[in-house]
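Asks: Give me a model of this one.
(2 chains)
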Amino acid sequence: DTGVSQNPRHKITKRGQNVTFRCDPISEHNRLYWYRQTLGQGPEFLTYFQNEAQLEKSRLLSDRFSAERPKGSFSTLEIQRTEQGDSAMYLCASSPPGQEETQYFGPGTRLLVL
Amino acid sequence: RKEVEQDPGPFNVPEGATVAFNCTYSNSASQSFFWYRQDCRKEPKLLMSVYSSGNEDGRFTAQLNRASQYISLLIRDSKLSDSATYLCVVSSGGSYIPTFGRGTSLIVHP
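Replies: Alright, predicted model coming up:
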């Protein structure tokens, strides 16, 4: 079963370092979403792509956050100059054409900034 | 006021009980509504969509009240395996950018 995969699953970094997370969506899913989830809260939408086009990025948390999906397949989320407040679970989800509301989530990358 | 509000619980119920969760949303232009389930330390998974006419899937019933801007989820004959966090999701417009509630925790005990 090739669901959504995310790497790494866990990341510990020191404050000020840059980190990059990867998401591989389900094959042929054209939409890809990034979320952040903190303890006791629901996922918080960050950005999404339709194929390689980033259609919404105004909700990225700051200009330290950026995302790419260069070939319309896998995506990366980068956080520059990490802060302790960036510690969270970063979730990726994808959805098939015509079924945007049916999102399949990956297992997430848990980030801890020391 | 948050866009999507849920009582975080936890709701602690015995097996076999019926339990209901409500979720209120603030944007009257919201068009799509869903319930997701999230197990501890796992990713969210779609449980069911919520339609204006209401819909049922086995022991689960979802309803939408547009006038009062809330959706509900009813679980009948609770099982131990129903223990999870239930996330309410609301989306506005055609671009489908979902807003998640904080989730309601359900604990079903023997």
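
Asks: got a list of what the closest residue to residue A:65 other than its chain neighbours touches?
Replies: The spatially closest residue to residue A:65, leaving aside those adjacent along the chain, is residue A:79, at 5.7 Å (CB to CB, 6 or more residues apart in numbering or on different chains). Backbone N, C-alpha and C define where each C-beta goes, glycine included. Shown in contact with residue A:79 (CB atoms under 8 Å, 6 or more residues apart in numbering or on different chains): A:18, A:19, A:20, A:64, A:65, A:86, A:111.

Asks: can you give me the strands for chain A?
Replies: Here chain A has its strands, by DSSP state E, at A:5-7, A:10-13, A:19-24, A:31-37, A:44-50, A:53-56, A:65-68, A:75-79, A:88-95, A:104-105, A:109-113.

Asks: Show me what the last one packs onto, helices and strands only.
Replies: So the one you mean is strand A:109-113. strand A:10-13, strand A:19-24, strand A:88-95 (3 or more CB pairs under 8 Å, 6 or more residues apart in numbering or on different chains; DSSP states H and E).

Asks: how about a cut-off of 7 Å?
Replies: For strand A:109-113, the packing partners by 3 or more CB pairs under 7 Å, 6 or more residues apart in numbering or on different chains; DSSP states H and E come out as strand A:10-13, strand A:88-95.

Asks: same deal with the longest one?
Replies: Secondary structure elements in contact with strand A:88-95, counted by 3+ CB pairs under 7 Å, 6+ apart, are strand A:31-37, strand A:104-105, strand A:109-113.

Asks: Next, format those strands as CSV and append mean neighbour count.
Replies: Converted to CSV, the helices and strands packed on strand A:88-95 look like this (neighbours: other CB atoms under 10 Å in any protein chain shown):
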stretch, mean neighbour count
strand A:31-37, 24
strand A:104-105, 21
strand A:109-113, 18
